[in-house]
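Undergrad: structure for the following, please:
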Amino acid sequence: MRRRAERPQLITDAPQSPEQELRAREVRYVIMMSLRAVCVITGAILVMVRPPWLGLWLILCVVGAVVLPWAAVLLANDKAPRADARLRNRLHRPAEVPPAPTALPRAEQAPPKVIDAED
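TA: Predicted structure coming up:
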């Protein structure tokens, strides 16, 4: 019988390893900078074709080309939030368990034991 290749079940609250976190930030940076390159190329093509609403399309391309590198650098240098600061953990708080009773009811209590030095 062949095992299916599945990701292991996460059963701990341990954070990602630094290598995994760095890799995720690098991938996010490359994707955002690729989108910036698409904005620049699209803007150049739009200038050559001169479609209707050219000004609006150029403004969107310029905003993408200017804002995306700034956001990419900020997100690439940002670490993952602490577990207690994540929104998902704030919304899914575990149900509070009522405290266990510490003393037996009065009728079931044994009389107090007296320790005397004279015995």
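Undergrad: lowest average confidence, helix or strand, in the protein?
TA: Ranked by mean pLDDT, DSSP states H and E, the weakest helix or strand in the chain is helix 87-91, scoring a mean of 63.
Undergrad: what mean pLDDT does the lengthiest helix in the chain get?
TA: When the chain is parsed with DSSP state H, its longest helix is helix 18-49. The average pLDDT within helix 18-49 is 93.
Undergrad: packing partners of that helix?
TA: Packing partners of helix 18-49 (3 or more CB pairs under 8 Å, 6 or more residues apart in numbering; DSSP states H and E): helix 54-77. In this view, the C-beta of every residue, glycine as well, is placed from N, C-alpha and C.
Undergrad: pull out the buried residues from stretch 59-78.
TA: Within stretch 59-78, the residues that count as buried by 16 or more other CB atoms under 10 Å are 61, 64-65, 68, 72, 76.
Undergrad: what sits up against that stretch?
TA: Under the criterion CB atoms under 8 Å, 6 or more residues apart in numbering, residues 25-26, 28-29, 32-33, 35-36, 39-40, 42-43, 46 lie in contact with stretch 59-78.
Undergrad: give me the buried entries from the residues you listed.
TA: 25, 29, 32, 36, 39, 42-43, 46.
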